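1. could you look at this predicted model? Sequence included:
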Amino acid sequence: MSSPRVVVVGGGAAGFFAAITCAEANPEARVTLYEATAHPLAKVRVSGGGRCNVTHACFEPRELVKRYPRGGRELLGAFHRWSPTDTIAWFTARGVELKTEGDGRMFPVTDDAVTIIECLQQAAVAAGVEIKTSLGVRKAEAMSAAGEPAFWLTLTDDSELRCDRLLIATGGNRSSVGLVIAERLGHAIEPPVPSLFTFHIDDKRLEKLSGIAMENVTASVPGTKLSAEGPLLITHWGLSGPAVLKLSAWGAREFAACDYQFKLRINFNPPHTRETLLRAFTALRTQHPRKQLGTWNPFNLPARFWERLLLTGNIAPTTQWAGVANATLGLLADALVAAEFSVVGKSMNKEEFVTCGGVRLREVDFKTMESRLCPGLHFAGEVLDVDGITGGFNFQAAWTTGRLAGLAMAG
């Protein structure tokens, strides 16, 4: 095989996986990975609360792509080439066993992200990847050598070098140097905005309830098609949890456009509607007339939250079900299935800090992750306008795009 000089810019999950893949596929290739910080794989270390949510147990590509607000169509073919099944097999072959939790998220059995970091680092060293930390690529110029693509790179220490293949895997943050390099090489950039964030809400209904979690709610935005279902967590600044994070991902651009000021509607008791809940209330009033509302909660809601709903509706906890007027039941039903809150801001989810936006997807060949505009230039991970909901989907996109880019660069 030939001996191309390959440079990977960015030491995250996608960059490492691409570098390893390239070096293993072509032992003659000289693969160097540059990470501008002193801490490669930093996001891997903190993801999943320090456990690393490696992937998700969703093995059918057509179902898998439904978890990507942006990039699902492009990833469909890519997931047929490298799927969660392949990711699991790759780590298993290197001594890392993964486990599946009830919601489909997959973690190392050690529950420690260091297990994944050490696996990737050891695989990179074994494959002959040269890893440079605290040294990044500042500028890249496309050139050609004997009719073949090549790049002249300027590093952050002002040194320069030439390479035959260049992979940008610097993530999607607004300050990403990878986006600057891509734009200078002719690519259009979809403006990065936050995805996977929590909602700031100042509402008396939530005061002093921080830490209360609910197993399943439906969160939506009135007047739009935006809706998400899943667990909910009340925080000291508002609302979080998978339902909110999913909604933030699907509505990332809409929420940025309104400066994160919008109305949020919560159904705390799906699949109930107002009508079905009123029927349930009527049945309770008939079947359990003497039970007190405050001491008997038939909807599996956290006790403190149920008490807060009653107090907000001016219903004394000692009220018996038989003594609740129809109008009051109607107000309680609204509070349960159509509660509206005013969102006044956001906080990034520290375990995820995902952005939507990046290199425009139609400018990239998703079979090889090579630029359609600049031969020899490849992309992987969040530097692309690809992002998934919470649950291991962003890492799977990183493994898949990194794998395909690595194989293409090895050729």
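-> That came in fine, so what should we check first? Residues are numbered from 1 along each chain as shown.

2. when you work out contacts or count neighbours from here on, use the C-alpha atoms and nothing else.
-> Will do.

3. can you give me the pLDDT of S47?
-> Here, the pLDDT recorded for S47 equals 92.

4. what of V354?
-> 87.

5. quick one: the nearest residue to it once chain neighbours are set aside and A338, what's the gap?
-> Residue nearest to V354 in three dimensions, not counting chain neighbours: S195, with 5.3 Å by CA to CA, 6 or more residues apart in numbering. Plainly put, S195 is 25 Å away from A338 if you go by CA to CA, to the nearest Å.

6. the one helix or strand W399 maps to packs against which elements?
-> Using DSSP states H and E, W399 maps to helix 393-410. Helices and strands touching helix 393-410, by 3 or more CA pairs under 8 Å, 6 or more residues apart in numbering; DSSP states H and E, are helix 13-25, strand 55-56, helix 72-81, helix 84-93, strand 377-379.

7. and of those, who's closest to V386?
-> Nearest to V386 among the helices and strands packed on helix 393-410 is helix 72-81 (7.8 Å), distances taken as CA to CA.

8. could you give the angle of that closest one to helix 393-410?
-> Interaxial angle, helix 72-81 versus helix 393-410 (axes from the mean of the first three to the mean of the last three CA atoms, to 10 degrees): 70 degrees.

9. list the buried residues of helix 72-81.
-> Of all the residues in helix 72-81, those buried under the rule 16 or more other CA atoms under 10 Å are G72, E74, L75, L76, G77, A78, F79.

10. and which of these is nearest K263?
-> Lowest distance from K263 to these (CA to CA) belongs to G72, with 27.5 Å.

11. what's the closest non-adjacent residue to that closest one?
-> Sequence neighbours aside, V65 is the residue nearest to G72 in space, at 4.5 Å (criterion: CA to CA, 6+ apart).

12. shouldn't the one you found be within a helix?
-> Yes - using DSSP: H, G, I helix; E, B strand; the rest coil, the secondary structure at V65 is a helix.

13. counting neighbours, what do you get for it?
-> 22 (other CA atoms under 10 Å).

14. OK, contacts around it?
-> The contact partners of V65, by CA atoms under 8 Å, 6 or more residues apart in numbering, come to G71, G72, R73, L75, L76.

15. switch the cut-off to 7 Å
-> The contact partners of V65, by CA atoms under 7 Å, 6 or more residues apart in numbering, come to G72, L75, L76.

16. again with K139
-> Shown in contact with K139 (CA under 7 Å, 6+ apart): L153, T154, L155, I181.

17. would you point out the most distant pair within those residues?
-> Spatial extent of the contacts of K139 (CA to CA) is set by the pair L155 and I181 at 12.2 Å.

18. how long is stretch 294-304 end to end?
-> 10 Å.

19. tell me which residues in it are buried?
-> Buried residues in stretch 294-304, counted by 16+ other CA under 10 Å: G294, L301.

20. poorly predicted segments of the stretch 301-411 of the chain, please.
-> Across the stretch 301-411 of the chain, residues meeting the criterion (pLDDT under 70) sit at 349-352.

21. so where do the helices sit in it?
-> When secondary structure is read from DSSP state H, counting those that start in this stretch, the stretch 301-411 of the chain shows helices at 303-312, 326-337, 393-410.

22. the shortest one vs helix 326-337, what angle?
-> Put simply, helix 303-312 runs at 140 degrees to helix 326-337, going by the same axes, to 10 degrees.

23. what is the neighbour count of P69?
-> P69: 21 surrounding residues under other CA under 10 Å.

24. isn't R285 right up against W321?
-> Yes - counting by CA atoms under 7 Å, R285 does reach W321; the two are 5.0 Å apart.

25. and these two? Which one has more around it.
-> Using other CA under 10 Å as the criterion, R285 and W321 rank with W321 on top: 23 against 17.

26. how close does the more buried one sit to T273?
-> Taking CA to CA, one finds W321 at 20 Å from T273.

27. equivalent analysis for W306, please.
-> To T273, W306 is 18 Å away according to CA to CA.

28. go on, T319?
-> Taking CA to CA, one finds T319 at 24 Å from T273.

29. one step back: tell me which of W306 and T273 has more neighbours.
-> Using other CA under 10 Å as the criterion, W306 and T273 rank with W306 on top: 20 against 16.

30. out of the helices and strands packed on helix 393-410, nearest to S220?
-> Per CA to CA, nearest to S220 of those: helix 72-81, 21.6 Å.
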